[in-house]
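> Sequence plus predicted model, see below.
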Amino acid sequence: MQNWTKCRAWFACAEPRCADQRYPLHEVVYRCKRCGGLLEVEHDLDVLRRTSSDLWKATFEARFRGPFPESSGVWGKREWVNPLVADENIVSFAEGGTALQPMGRFGHEIGVPDVWLKQCGVTHTGSFKDLGLTVLISQVKQMVADGVPLRAVACASTGDTSAALAAYAAQAGLRAVVFLPHNKISVPQLIQPIANGAKVLALDTDFDGCMKIVQEVTADGSLYLANSLNSLRIEGQKTVGIEICQQLGWTVPDWIIIPGGNLGNVSALGRGFDMMLRLGLIDRLPRLVVAQSARANPLYRAFLTGFA
């Protein structure tokens, strides 16, 4: 097995016309400086291919729920997530590694013999957002240790992101600033960031208004943006797909149904499966089904506006 410290990753523009635009992960940057497009974390697949697919499988199996940092389902796959964070800067609550539960009775009722359920919210703060925030906060802690002058991490939220951000920031010894829409989140979701010492600001606006403000206050680079515009979160969330295959004996399910939200989670799931395919751990991709409510339908809105 190669030394994980030889692996490389960077931010790259998601727009094909700007594929040559790259930025180091320790740079405070969220959009392409040439075209303004979103950034994605890219990995040096040539380096990762030096390890055979069978050895990757064996390595992930040996690490699963092992000692720190492999107690985390995310950091047990660190070469594929963020190989640039040293052990002492990893901030983890042993997130990930959630059970894949057989749903035989439900499968019988709907006429599908082989149905499984993975509840990714069985985490420290009760949300799958922990999977992304462990990566983002660990990267910030590494940046601070390397001398990057960051004053705090900040996010707009309707509950789950702020809870995860505050908990991980507190564990890392970092300050957190949270912007919430006034009277539009539950009491349990409000308690978590307050209890973890975050600076919580309730604004007379909706989430989009909070998001606009947090982008403004993080624009000078002194506060680090922790919303899903930051693709470091996707790197943690993509491990869900890898875990599913691992728990099924490295076989690929025919279908995966996942809630839509802002589509970040299904994007992460797809990235995990794409990476496994490109590195030879699987030989096909599953069909992904996005389930979204009628009043929170980003796919339909994208279709109407011509972006789908």
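Good, I have the coordinates.
> and for stretch 13-27, what are the contacting residues?
Stretch 13-27 is contacted from outside by 9-12, 29, 32-35, 37-42, 82, 84, 139, 142-143, 146, 148, 232, using Cβ atoms under 8 Å, 6 or more residues apart in numbering. From N, CA and C alone the C-beta is placed, and that goes for glycine too.
> And that stretch, how far out from the chain middle?
18 Å (Cα atoms, centre = their mean, to the nearest Å).
> what about it, average pLDDT?
Across stretch 13-27, pLDDT averages out at 95.
> Check stretch 286-299 too.
82.
> Inside helices: which ones of the contacts of stretch 13-27?
Residues of those located in helices (DSSP state H): 139, 142-143, 232.
> Make a markdown table out of those and add neighbour count.
As requested, the ones in helices among the contacts of stretch 13-27 are exported to a markdown table (neighbours: other Cβ atoms under 10 Å):
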| residue | neighbour count |
| --- | --- |
| Q139 | 23 |
| Q142 | 21 |
| M143 | 20 |
| L232 | 25 |
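> Mind putting these into a markdown table with pLDDT?
A markdown table is the format used below for these (pLDDT from 0 to 100):
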| residue | pLDDT |
| --- | --- |
| Q139 | 98 |
| Q142 | 98 |
| M143 | 98 |
| L232 | 97 |
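> list the helices and strands the host helix or strand of D208 packs on?
Using DSSP states H and E, D208 sits within helix 207-217. Using 3 or more Cβ pairs under 8 Å, 6 or more residues apart in numbering; DSSP states H and E, the elements in contact with helix 207-217 are strand 152-156, strand 176-181, strand 199-203, strand 223-225.
> Next, the angle strand 152-156 makes with it.
Per axes from the mean of the first three to the mean of the last three Cα atoms, to 10 degrees, the angle that helix 207-217 makes with strand 152-156 is 150 degrees.
> quick one: buried residues of helix 207-217?
Buried residues in helix 207-217, defined by neighbour count with 16 or more other Cβ atoms under 10 Å: 207, 210-211, 213-214.
> Provide a list of residue ranges in this protein with pLDDT below threshold.
1-5, 296, 298-308 (pLDDT under 70).
> That one: helices as residue ranges?
Going by DSSP H, the chain shows helices at 45-48, 53-63, 78-81, 104-110, 129-145, 160-172, 187-195, 207-217, 232-237, 239-247, 264-278, 298-305.
> Going by contacts, tell me the helices and strands next to the third one.
Helices and strands touching helix 78-81, as assessed by 3+ Cβ pairs under 8 Å, 6+ apart, comprise helix 239-247.
> quick one: the helix it packs on to chain centroid distance?
The answer for helix 239-247 is 14 Å, by Cα atoms, centre = their mean.
> Need the CA coordinates for that helix. PDB is fine.
The C-alpha trace of helix 239-247 is given here as PDB (Å, rounded to 0.1, in the frame of the first residue of the first chain):
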ATOM      1  CA  THR A 239     -18.100   8.100   1.000                       C
ATOM      2  CA  VAL A 240     -21.700   7.000   1.500                       C
ATOM      3  CA  GLY A 241     -21.700   5.300  -1.900                       C
ATOM      4  CA  ILE A 242     -18.400   3.700  -1.300                       C
ATOM      5  CA  GLU A 243     -19.700   2.300   2.100                       C
ATOM      6  CA  ILE A 244     -22.800   0.900   0.400                       C
ATOM      7  CA  CYS A 245     -20.700  -1.100  -2.000                       C
ATOM      8  CA  GLN A 246     -18.400  -2.200   0.700                       C
ATOM      9  CA  GLN A 247     -21.200  -3.400   2.900                       C
END
